[in-house]
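> kindly return the folded structure for what I paste below:
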Amino acid sequence: MHRIAAQGCSLAAIGLLATAGLAAPPAAAPVPSSAAAPVVAASPVAHLAEVEAAVRAWAAAWSARDVERYLAAYAPDFTPARGQTRERWEADRRARITGKSRISVGIEGLVISIQGTSASAEFRQVYRADALTETDRKTLELQRMGTRWLIRKENSAGN
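Sure, this is the predicted structure:
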């Protein structure tokens, strides 16, 4: 499992991973064209950057009130909280997002954990919409599906 705290706008993880012994290995010698090229897995740094980008894109879509892009951040098997159906949850999210004149979703203290094709992103979410401001601890559980990291589950705890 790889775990790193991502503060600010980018991971700044290469130095941290190198310190933890997780930096990408040195480049291998060129392979002759007649030999089959081995399949190389993406580095931990690449996966961390992808998860961070997915979380920040989700927040940006929400802040832009771009409902389609926001909903596209969720996996097809996403299970809404409180026993809601996916259809009811989507209708509720559409109404809440389009019903606001402005939304700002900030992410602070992002900590990403990755194990295989599953990831967890924990952070402090600062939500502002019209006259409302809320700060919560949020955890997003993501799954790599194809080339994307999608949200399968989310939990919030008020602060």
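> spit out the contact partners of the closest residue to Glu50 other than its chain neighbours.
Setting aside the residues directly before and after it, Glu50 is nearest to Trp149 in space (C-beta to C-beta, 6 or more residues apart in numbering), at 5.7 Å. Bear in mind the C-beta positions are built from the backbone N, C-alpha and C, glycine included. With contact set as C-beta atoms under 8 Å, 6 or more residues apart in numbering, Trp149 has these partners: Glu50, Val51, Ala54, Ala119, Leu142, Gln143.
> the chain: strands as residue ranges?
2-6, 103-115, 118-129, 132-145, 148-158 (DSSP state E).
> redo those strands as a markdown table? Include distance to Thr85 and mean pLDDT.
As requested, the strands of the chain are exported to a markdown table (distance: least, C-beta to C-beta, whole Å; pLDDT from 0 to 100):
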| stretch | distance to Thr85 | mean pLDDT |
| --- | --- | --- |
| strand 2-6 | 33 | 48 |
| strand 103-115 | 24 | 97 |
| strand 118-129 | 24 | 97 |
| strand 132-145 | 19 | 96 |
| strand 148-158 | 15 | 93 |
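> between those strands, which one is closest to Gln84.
Of all the strands of the chain, it is strand 148-158 that lies closest to Gln84, at 12.4 Å by C-beta to C-beta.
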